[in-house]
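1. I would like to see how this sequence folds:
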Amino acid sequence: MKITPVLIVEEIEKSLPFWMERLGFEEIVRVPDGERIGFTLLQKQGAELMMQTAGSVLRDEPKFAPREDMPVVSLFIEVEDLSAIADQLEGYPIAMPERTTFYGMREIGVFEPSGNIVVFACRAEG
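-> Below you'll find the model as predicted:
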């Protein structure tokens, strides 16, 4: 089994620098939608992330199109080196400063440019 999150966003172009330039994902597939990007598939070290525009979803499968009462996606991404992620996020607005949780994880959280929640975490040492 494989699970790949799909972020439904207004503009893919707004989110690409966050995922590619800051976090090192590579764009594998790009599907145009007129003069914009309608869908993209990103990969990094075996992890995958898809993004599709709300307009593209509306045309493709209207019942899955975002609504005001639809929740934002929250991604929990476990990494080996939280310090490296913190370095990549330097200068980016941090919504949840680094913390150590009661369940033994060090975490830092941001809103990616389309408003989705992204929490990076690694196991706390001893």
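
2. can you list the weak-confidence ranges in the chain?
-> The model of the chain has pLDDT under 70 over residues 1, 71, 126.

3. could you pull out the strands for this structure?
-> In the chain, the strands defined using DSSP state E lie at 6-9, 26-33, 36-44, 47-53, 74-78, 96-100, 105-111, 117-123.

4. tilt between the longest one and strand 47-53?
-> Right, strand 36-44. If you take axes from the mean of the first three to the mean of the last three C-alpha atoms, to 10 degrees, strand 36-44 sits at 170 degrees to strand 47-53.

5. distance from strand 36-44 to the middle of the chain?
-> 11 Å (C-alpha atoms, centre = their mean, to the nearest Å).

6. that one pairs with which strands, parallel or anti?
-> Take DSSP bridges as the rule and strand 36-44 pairs in its sheet with strand 26-33 (antiparallel), strand 47-53 (antiparallel).

7. out of the ones you listed, flag the one nearest Phe18.
-> Judged by C-beta to C-beta, the one of these that comes nearest to Phe18 is strand 47-53, at 10.7 Å. Bear in mind the C-beta positions are built from the backbone N, C-alpha and C, glycine included.
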